[in-house]
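Undergrad: I would like the atomic coordinates for the input below:
(2 chains)
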Amino acid sequence: MTWISKTTTAFGGLLLAHACYSAREHTALQSLRTATAATLTSSATATSSLPVDIIIETIISTLIILVGVVLGTRPLRPIEWRAWAGKIEREGEEGFTNSAGEVDKDFVGNPFSTLESRPNFVNIRQQRKEFAEWVQKGPGQQRQQRPQ
Amino acid sequence: MWLTDPPKRMMCHCIASRLQDTPAPAASTTTAAKLTTNSQLSISPANSTTSKRFTNKGAPQTRPTRTITANLTATTNMSATELELQISPIVQESLMLNSKTLYNLQSLTASLFGVSAGILGLESYSGFLFYLAFSLLTAALFYTLRVAPTSLASGKSPLDTSRYFRGAMDFWTGGLMNGFAGFILTWTLFYGLVRA
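TA: Numbering: from 1, shown residues only, chains lettered A, B, ... in the order given. This is a model prediction of the structure:
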C-alpha cells in the first residue's frame, strides 16, 4: 500500500510545484504589464487575481497530496484492552504492521504470554507419559510423529 | 493429577479475561444503581493485576476473590468514567501511538495548506477560512480511510471514533490548534515568494 500513497503524494507535489511556478510567473508578468502600462499610458490597472486554472490546479493538487498523506499514515490500534488483545489473538503479527508492511518494533505479542508459558505449571507427568510413548514407538515412527 | 489443577484454574482466569473480547452488554451501563449487577464484570481488571502478582511471586498467595471484593468496595465511590475505565481498560501505548499518528498528520497537512493558501494569495479571513475548511476535511478523510473501516465493522455507530481515540472533539477539531503555527509559517512564506 505504501507505493500508492507515495506516488499519489509525489504526483500532487508535482502539480503543486507547477501551480506555484505558474502563479509566480503570472504575478511577474502582471507587474511587468502594469509597469509598462504605467509608463505608456499612465493609467495603472489594478492587479487582477489569479487565473481560474491556477486556482483549480492548486486546490486539486492539495487534495491529491492530502489523500496521499492520509493513505501513508500507519494503521491505528484499538485502545480498549479487550479489542486490542482480541486483535492480537485473531491476527497476530499481521495486524500490527506499519504502512510498509513490516511488523512494528514495539509489537509486544500476546499480553497473556506470561500466563501461558510458566514452568511452574508444566504438567510433567503428562509429558513424561508422552515421552515414554514416543520412545516405545521405535525409531521408525519417531520421524513422523514428534511429541508435542 | 494434583498438578493439573493449578494450570486449569489459571487458564480459567485467562479465558475469563479473554472473554472480554466479546462485546460486553453491560459495559454501557454507567448508573450507580446497576453497580451491583456489574460486580462480576469488574473481575477482569482485578484479574489482570492478580495475574501479574502471580507471575512475580511464582505461586498464588492471595485468592482473586479477595481482590475482587476490595475492588468492589472501591468502585462504590467511583465516578461513571472511572467505572467505565475499570470495566473496559485502556491500552496506553495504543492511545499514544494513535494520538501521535494523528498529530503528525495534522502538522504535515497544515504546512501543506499554508503552501496552497500562499499560492492562492489569500488574505486575512479567507485564509483562515481556507485552513478551517481543509483541516476539517483532513479529519473527515482520516476518519473515512483509517478509522471507519474497522470501527464500523466492530459495531460502532458512524462518526464514532472511540475505538481509536478518546474524546471526539480532539479528533475532529484538534488539527485547528496543532497545525496552526505551521500553517501561518508556510502561508506567509509562500505568499511572500509568489507575490514579491
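Undergrad: Using the three-state scheme, assign B:Arg163.
TA: When classified by DSSP: H, G, I helix; E, B strand; the rest coil, B:Arg163 comes out as coil.
Undergrad: so it makes contact with A:Gly86?
TA: No. Taking contacts as CB atoms under 8 Å, B:Arg163 lies outside contact range of A:Gly86: 11.9 Å. (Each C-beta comes from the backbone N, C-alpha and C, glycine too.)
Undergrad: Only the buried residues of stretch B:92-99, if you could.
TA: Residues of stretch B:92-99 classed as buried: B:Ser94, B:Leu95, B:Leu97, B:Asn98, B:Ser99 (neighbour count, 16 or more other CB atoms under 10 Å in any protein chain shown).
Undergrad: got it, and stretch A:116-132?
TA: A:Phe121.
Undergrad: what about that stretch, how long is it end to end?
TA: 25 Å (CA to CA, to the nearest Å).
Undergrad: do the helix or strand harbouring A:His26 and chain B meet?
TA: Following DSSP states H and E, one finds A:His26 within helix A:2-40. Yes. For helix A:2-40, a contact with chain B is found by CB under 8 Å from any CB of the partner chain, at A:Leu16, A:Ala19, A:Cys20, A:Ala23, A:Arg24, A:Thr27.
Undergrad: So which elements touch that helix?
TA: helix A:52-72, helix B:92-120, helix B:180-195 (3 or more CB pairs under 8 Å, 6 or more residues apart in numbering or on different chains; DSSP states H and E).
Undergrad: now, among the residues of helix A:2-40 next to chain B, which is nearest to A:Thr34?
TA: The closest of the residues of helix A:2-40 next to chain B to A:Thr34 turns out to be A:Thr27 (CB to CB; 10.5 Å).
Undergrad: Next one: B:Gln143 from B:Thr186, what distance?
TA: Careful, residue B:143 is Tyr and not Gln. 25 Å (CB to CB, to the nearest Å).
Undergrad: swap that for B:Thr81, sorry
TA: B:Thr81 is 39 Å from B:Thr186, by CB to CB.
Undergrad: which of those two has more neighbours?
TA: B:Thr186 (20 against 9; other CB atoms under 10 Å in any protein chain shown).
Undergrad: Let me know which of the helices and strands packed on helix A:2-40 is tucked in deepest.
TA: helix B:92-120 (a mean of 21; mean count of other CB atoms under 10 Å in any protein chain shown).
Undergrad: Please find the angle between the direction vectors of that helix and helix A:2-40.
TA: 30 degrees (axes from the mean of the first three to the mean of the last three CA atoms, to 10 degrees).
Undergrad: Mind listing residues that contact the helix or strand just after helix B:92-120?
TA: Per DSSP H and E, helix B:92-120 leads on to helix B:124-142 as the next helix or strand towards the C-terminus. Helix B:124-142 has contacts (CB atoms under 8 Å, 6 or more residues apart in numbering or on different chains) with A:62, A:66-67, A:70, A:73, B:102, B:105-106, B:109-110, B:113-114, B:116-117, B:120, B:122, B:171-176, B:179-180, B:183, B:187.
Undergrad: Domain ranges for the chain, per the record?
TA: All of this is about chain A. A:2-72, A:78-110, A:118-148 (automatic domain parsing).
Undergrad: try again with chain B
TA: Chain B resolves into domains spanning B:2-87, B:92-195 when parsed by automatic domain parsing.
Undergrad: mean pLDDT lowest for which of these?
TA: Per-stretch mean pLDDT for the domains of chain B is lowest at domain B:2-87 (a mean of 49).
Undergrad: circling back: for A:Glu116, which of the helices and strands packed on helix A:2-40 is the nearest?
TA: Using CB to CB, these put helix B:92-120 closest to A:Glu116, at 20.6 Å.
Undergrad: Run the angle between the closest one and helix B:124-142 for me.
TA: Going by the same axes, to 10 degrees, helix B:92-120 makes 140 degrees with helix B:124-142.
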